[in-house]
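> Predicted model and sequence follow; I will ask about them next.
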Amino acid sequence: MSTSARADAQPRVLKHGDTFAVFDLNGDIDTARDAEQGLYHRGTRFLSRQRLRIATQQPLLLNSTVRLDNSVLIADLTTPDLCRDGRVLIEKGTLHVLRSKLLWGGAQYEHLRLSNFGRAPVRVSLDLELDADFADIFEVRGTP
């Protein structure tokens, strides 16, 4: 069960070579919630936002883990009730999202697998919001 307190819990950190990334438990980067999140390479933040949305909604966290070598993040997510005009179109938990992120060779790779556990096919939008600020890590941390 996802709560706002849990969403602010310990960040997920991946590292490979000169590249590291700081995510929330869902695998998102949202500097509006945590200024230090981002995808960094050689001291520069290349991604300052990377948010997954399903039908404009943030998926609910089921579980997330980081592999022991800190190169892969795996997040199990599901959908909240997806509504239109006050009517539930897709019930909470109908769609499962397995989100995997890998840092390798100075790049981030992402794999999404969606599974429908409902009785009928569904059509939803899947959005990935991206932004870059190219901030120096010392600017981000507030150190001159």
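Yep, it's here. Residues are numbered from 1 along each chain as shown.
> contacts, neighbours, all on C-alpha from now
Noted.
> Give me the residues contacting stretch 66-73.
Residues outside stretch 66-73 that contact it (Cα atoms under 8 Å, 6 or more residues apart in numbering) are 12-16, 27, 64-65, 74, 99-104.
> nope, stretch 130-144 is what I meant
With Cα under 8 Å, 6+ apart as the criterion, stretch 130-144 contacts 35-36, 40, 43-51.
> got the buried residues for it?
Buried residues in stretch 130-144, defined by neighbour count with 16 or more other Cα atoms under 10 Å: 134-137, 140.
> Could you single out the nearest of those to Thr31?
Using Cα to Cα, Val140 is the member of these that lies nearest Thr31, at 9.8 Å.
> What does that closest one show for phi and psi?
phi -60, psi -40 (degrees, to the nearest 10).
> residue contacts, Arg84?
If you count contacts by Cα under 8 Å, 6+ apart, then Arg84 has nothing around it.
> What score does it have for pLDDT?
Note on Arg84: pLDDT of 89.
> Over to Phe134?
So, for Phe134, pLDDT stands at 96.
> Now do the SS call for it.
Secondary structure, DSSP: H, G, I helix; E, B strand; the rest coil: Phe134 is coil.
> which residue ranges form the strands in the chain?
Taking DSSP state E, the strands of the chain run over residues 12-16, 19-23, 29-30, 38-41, 44-47, 49-54, 60-66, 72-78, 82-84, 87-90, 95-104, 107-116, 126-131.
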